[in-house]
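Student: Sharing a sequence plus its predicted fold:
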Amino acid sequence: MIPSKSSERNRRAAEFDQDQYHRRNLIERVIGWLKECRRVFARFEKTALNYAGMLKLAIIQRYLKLIIA
């Protein structure tokens, strides 16, 4: 559940699970990043072995960008 705004808190009394929200945000960001890796997201590689290899390469590329930057 997305936390309510400060102006809406009085009108809407809903429970907010911060851990669940954090996990959801992490998953959404990973999917967004995979969409940027068009070859992985569009599944150009048809076999599972080749797809896993491209996924690993995309992860390595992302990791190297984070280290170098």
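Tutor: Done, it's in.
Student: Which helix or strand contains Asn25?
Tutor: Assigned by DSSP states H and E, Asn25 belongs to helix 18-36.
Student: next structured bit after that helix?
Tutor: Next along from helix 18-36, by DSSP H and E: helix 38-41.
Student: Show me the contact partners of that next one.
Tutor: Helix 38-41 has contacts (Cβ atoms under 8 Å, 6 or more residues apart in numbering) with Leu34, Lys35, Glu45, Tyr51, Met54, Leu55, Ala58. Every residue, glycine included, has its C-beta placed from N, CA and C.
Student: ok so, going back, what would the helix holding Asn25 look like as CSV? C-alpha coordinates only.
Tutor: Extracted C-alpha coordinates of helix 18-36, given in CSV (Å, rounded to 0.1, in the frame of the first residue of the first chain):
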residue,chain,number,x,y,z
GLN,A,18,6.9,0.1,5.5
ASP,A,19,8.8,-3.2,4.8
GLN,A,20,6.2,-4.3,2.2
TYR,A,21,6.3,-0.9,0.6
HIS,A,22,10.2,-1.0,0.4
ARG,A,23,10.1,-4.5,-1.2
ARG,A,24,7.5,-3.4,-3.7
ASN,A,25,9.5,-0.2,-4.6
LEU,A,26,12.7,-2.3,-5.1
ILE,A,27,10.9,-4.7,-7.4
GLU,A,28,9.3,-1.9,-9.4
ARG,A,29,12.7,-0.2,-9.8
VAL,A,30,14.3,-3.5,-11.0
ILE,A,31,11.6,-4.0,-13.6
GLY,A,32,12.0,-0.4,-14.7
TRP,A,33,15.7,-1.0,-15.1
LEU,A,34,15.1,-4.2,-17.1
LYS,A,35,12.9,-2.3,-19.4
GLU,A,36,15.9,-0.1,-20.2
